[in-house]
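Asks: need coordinates for the below:
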Amino acid sequence: MQQVFIKHAYRVLRNHKDLKEDGGLTTQLVVSTHSSHVAHASEFSSLRYFRRLPVMTKTAVPTASVVNLSAVFGPGDQTGKFVSRYLKATHCDLFFADGAVLIEGSAERILVPHFVEEREAYDYLRRCYISWLEIGGSHAHRLRKLIEYLGLSTLIVTDLDAKDATSNVAVPVARSSKQEARNETLRSWVPKIVDVDTLLDLPEGKKETVYASGFAVRAAYQLPTTVTFKGLTSEALAYTFEDALFYQNTDFFKGRAGTGIAGSFRRCVDGATDLTDLTEKVRKAIGSGDKADFALELLYSDDVDRLIVPTYIDYGLKWLIEQLKRKENDLAPKAAATAAAVAA
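Replies: Presented below is the predicted three-dimensional model:
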């Protein structure tokens, strides 16, 4: 109804013979809205975003800056065209969110919001307006200008894609192998690192970019995982959400009656001779399976809440919580005002 309303409103404004006949006359409609449906029905170039600014002192008057979204990318910008079309296709609520989570694939898009809804550790996020966007790692960086203009705290859940630095061929993640990240988000936005060995050992605090205007963007990608298999403990290097989930939940998949990737994981555990063999079997299972079906099968299982959230996602979600808490305090510093009142 809201989308139809805004379209008809524009037509009504031009419904006069003088306006129809004389192209030199124009009309203008100003709509103030919190509706993503109204924004969706409007042209990207006509949107103006009012961004609240942090309150620096308890006596300061709350203010906002106005972002002209027609100027974000510039005329004829291919990235701008991609973003506007993407927002139209996804019916994006990015403009009205407290924070955003950009997600690499379909399995993460299904399971990560479930983790947030069901786990006590992420309770604060359930009280915030989070925009969940499924966008591949090769495209997340295209939203960079828009995220920066909006000043929106953003977590990017992405894959540690690797390629051989010499041949540029995609390869499984490995240490000391002269590998580079193929992921353009990691290479050019955050943390702006190409070398895979450096990314694997990068401290968590180095995976964010903090902007002077008070918001931050962070990348969350697969971390090395210690796995005990056949009595031996070694390091496993995941390259997707699915194998990261597997390596931290091998007992969950062991002996599990399932189909698709979940069933393949059980067979991988049963048939592998050592961790190296297990890693190879898991990689093939993921490559030949349907990731969305895998996530849905887990989502509707009775024991889905036994799953351990992959560490890199857990770290990322907890980082986002801290960012949103800080933002809430900056925009409305209740604690500072209360302390001042008590002191007075």
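Asks: three-state assignment of the residue nearest the centre of the chain?
Replies: By C-alpha atoms, centre = their mean, the mean C-alpha position of the chain lies nearest to Leu102, the distance being 1.7 Å. Classification of Leu102 using DSSP: H, G, I helix; E, B strand; the rest coil returns strand.
Asks: pretty sure it sits against Ile135.
Replies: Yes: between Leu102 and Ile135 there is a contact at 5.5 Å, judged by C-beta atoms under 8 Å. C-beta coordinates here come from the backbone N, C-alpha and C atoms, glycine included.
Asks: please enumerate the shared neighbours of these two.
Replies: Taking C-beta atoms under 8 Å, 6 or more residues apart in numbering as the criterion, Leu102 and Ile135 both touch Leu143.
Asks: gap between Pro62 and Asp330?
Replies: 11 Å (C-beta to C-beta, to the nearest Å).
Asks: mutual contacts of the two, please.
Replies: Val55.
Asks: these two: which has the busier surroundings?
Replies: Asp330 (15 against 10; other C-beta atoms under 10 Å).
Asks: tell me which element the more buried one is part of?
Replies: helix 311-331 (DSSP states H and E).
Asks: buried residues, that helix. List them.
Replies: For helix 311-331, the neighbour count (16 or more other C-beta atoms under 10 Å) marks 311-317, 319-321, 323-324, 327 as buried.
Asks: do stretch 105-115 as well
Replies: So, applying 16+ other C-beta under 10 Å, buried residues of stretch 105-115: Gly105, Ser106, Ala107, Glu108, Arg109, Ile110, Leu111, Val112, Pro113, Phe115.
Asks: likewise stretch 276-288?
Replies: Leu278, Thr279, Lys281, Val282, Arg283, Ala285, Ile286.
Asks: for the first one, what are its contacts?
Replies: Right, Leu278. Phe229, Cys268, Val269, Ala272.
Asks: what about the helices in the stretch 151-300 of the chain?
Replies: 184-188, 196-200, 241-247, 250-253, 260-271, 275-287, 291-299 (DSSP state H, counting those that start in this stretch).
Asks: how about the stretch 1-150 of the chain?
Replies: 2-13, 17-21, 36-41, 78-90, 106-118, 123-126, 144-150.
Asks: let's have these in CSV, adding distance to Gly205 and mean pLDDT.
Replies: Below are the helices of the stretch 1-150 of the chain laid out as CSV (distance: least, C-beta to C-beta, whole Å; pLDDT from 0 to 100):
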stretch, distance to Gly205, mean pLDDT
helix 2-13, 42, 86
helix 17-21, 58, 76
helix 36-41, 33, 86
helix 78-90, 29, 81
helix 106-118, 22, 96
helix 123-126, 20, 97
helix 144-150, 20, 93
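Asks: now the ones you listed as a markdown table including distance to Ala220?
Replies: Shown next, in a markdown table, are the helices of the stretch 1-150 of the chain (distance: least, C-beta to C-beta, whole Å):
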| stretch | distance to Ala220 |
| --- | --- |
| helix 2-13 | 34 |
| helix 17-21 | 52 |
| helix 36-41 | 25 |
| helix 78-90 | 21 |
| helix 106-118 | 10 |
| helix 123-126 | 14 |
| helix 144-150 | 15 |
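Asks: thinking again about what came up before, closest one of the buried residues of helix 311-331 to Gly24?
Replies: Lys327 (45.8 Å; C-beta to C-beta).
Asks: surely that closest one touches Ala216?
Replies: No: assessed by C-beta under 8 Å, Lys327 is found out of contact with Ala216, at 9.7 Å.
Asks: now list whatever residues contact both of those two.
Replies: Common neighbours of Lys327 and Ala216 (C-beta under 8 Å, 6+ apart) are Ser153.
Asks: picking that back up, between the contacts of Leu278, which sits nearest Ser131?
Replies: Of the contacts of Leu278, the one sitting nearest to Ser131 (C-beta to C-beta) turns out to be Cys268, at 35.4 Å.
Asks: go ahead and confirm that closest one touches Ile286.
Replies: No: with contact defined as C-beta under 8 Å, Cys268 does not count as touching Ile286 (9.9 Å).
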